[in-house]
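*Asks:* Mind folding the following:
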Amino acid sequence: MYSTTALSPRDKPPYAIVLIDLDEGYRMMSRIEGVDAEATRIDDRVSVRFTPAGEDVLPLFVPDRGDR
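*Replies:* Got it, this is the predicted structure:
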């Protein structure tokens, strides 16, 4: 994880927007799930999970627990 910020929209739970440095050399913006927004840390390893969103599929990230 290159960068992270916690967003706290009114009347909704907080969530984290992150910049992820992919092993392939690219950087992408996404959300991280499975951890409190305030608990995300730069340099944490994450894994991608593809989540259906209507007719699309979104890449979201989760903390890497070494289960790859």
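*Asks:* Could you use CA atoms for every contact and neighbour count after this?
*Replies:* Fine.
*Asks:* Can you pull out the low-pLDDT segments for the protein?
*Replies:* Under the criterion pLDDT under 70, the flagged ranges of the chain are 66-68.
*Asks:* Could you pull out the strands in it for me?
*Replies:* Ranges of strands in the chain, per DSSP state E, are 3-7, 15-21, 27-32, 46-53, 56-63.
*Asks:* beta partners of the residue minimising distance to the centre of the chain?
*Replies:* When the chain is reduced to its mean C-alpha position, the nearest residue by Cα atoms, centre = their mean turns out to be I32, at 2.2 Å. Beta bridges link I32 to A16, F61 when assigned by DSSP bridges.
*Asks:* coming back round to it: Serialize the strands of the chain to TSV and add fields for distance to E38.
*Replies:* Shown next, in TSV, are these (distance: least, Cα to Cα, whole Å):
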stretch	distance to E38
strand 3-7	6
strand 15-21	7
strand 27-32	11
strand 46-53	16
strand 56-63	13
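*Asks:* any idea which of the ones you listed is most buried?
*Replies:* Ranked by mean neighbour count, the strands of the chain are led by strand 15-21 with a mean of 19 (mean count of other Cα atoms under 10 Å).
*Asks:* Can you name every helix or strand that that one contacts?
*Replies:* strand 3-7, strand 27-32 (3 or more Cα pairs under 8 Å, 6 or more residues apart in numbering; DSSP states H and E).
*Asks:* by how many degrees do the longest one and strand 15-21 diverge?
*Replies:* The directions of strand 27-32 and strand 15-21 differ by 150 degrees, with axes from the mean of the first three to the mean of the last three Cα atoms, to 10 degrees as the criterion.
*Asks:* now strand 27-32, how far from the centre of its chain.
*Replies:* 5 Å (Cα atoms, centre = their mean, to the nearest Å).
*Asks:* which helices and strands does it pack with?
*Replies:* Right, strand 27-32 is packed against strand 15-21, strand 56-63 by 3+ Cα pairs under 8 Å, 6+ apart.
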